[in-house]
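K.L.:
Output the structure for:
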Amino acid sequence: LNITVDFYVKCGADDVTLRNSKAALFFIRSASRISIVDTEFGPSDTISQIGHTAECEFSPDEILMERVYMHDFTHPDDSVHMECLTVQAANNFTIRNSRFYHCEDFNILFKHRYPVLRSTNILIENTWFDKPWPDGTSAMQFSEGIVPWRRLGDSFYCGVGQGIEVGGRALRAPYPRPLG
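P.N.:
Alright, predicted model coming up:
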């Protein structure tokens, strides 16, 4: 399925799967049991987002991104902040066997937005993060006080010289290896 612009999962949606598809970007609002599998997003000059809305003030739950390729999230105006994905809130969120490439400032930014100020059970495994391009600072960044992951270990790969930043403190990830 080729989607012209964006894939939007509205508040209250349950049991949605997007498979073998391509779109510029996506939005997942307060929904549950959402799977994005074997799908490509990009290029885009707008950020993909997972979070809540004013109408539904609760975290999306049970979100799976598996074998997802996100690439070329950039904006021609350098003053516009860009990343491939912003996570405003998410519970039981898994990214597995995926790849992030040419994301401008960060690959993923975890930044909570009032009133939902909590994310839980974040699992990232066997996922590759390129160095943010052309002028980014870290593969992932978490807002101050947020360390929501369930596991982040040997299968987390960053581009050379990149890592994750939690509230301004840098953490190191294992040496980069290409996904097989």
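
K.L.:
residue furthest from the geometric center of this structure?
P.N.:
Residue farthest from the centre of the chain, counting by Cα atoms, centre = their mean, is Glu55 at 22.5 Å.

K.L.:
For it, give its distance to Arg29.
P.N.:
Plainly put, Glu55 is 9 Å away from Arg29 if you go by Cβ to Cβ, to the nearest Å. For every residue, glycine as well, the C-beta is placed using N, CA and C.

K.L.:
Now the common contact residues for the two.
P.N.:
Common contact partners of Glu55 and Arg29 (Cβ atoms under 8 Å, 6 or more residues apart in numbering): Cys11.

K.L.:
Quick check: closest non-adjacent residue to the residue farthest from the centre of the chain.
P.N.:
Spatially, and ignoring its direct neighbours in sequence, Glu55 is nearest to Cys11 (5.7 Å; Cβ to Cβ, 6 or more residues apart in numbering).

K.L.:
Check Asp15 too.
P.N.:
Asp15's closest residue in space is Arg33 (Cβ to Cβ, 6+ apart), at 4.8 Å.

K.L.:
Scan this protein for its longest strand.
P.N.:
Ranked by residue count and defined by DSSP state E, the top strand of the chain is strand 61-73.

K.L.:
Mind giving me the packing neighbours of that one?
P.N.:
Judged by 3 or more Cβ pairs under 8 Å, 6 or more residues apart in numbering; DSSP states H and E, strand 61-73 is in contact with strand 32-41, strand 48-50, strand 83-87, strand 91-96, strand 99-103.
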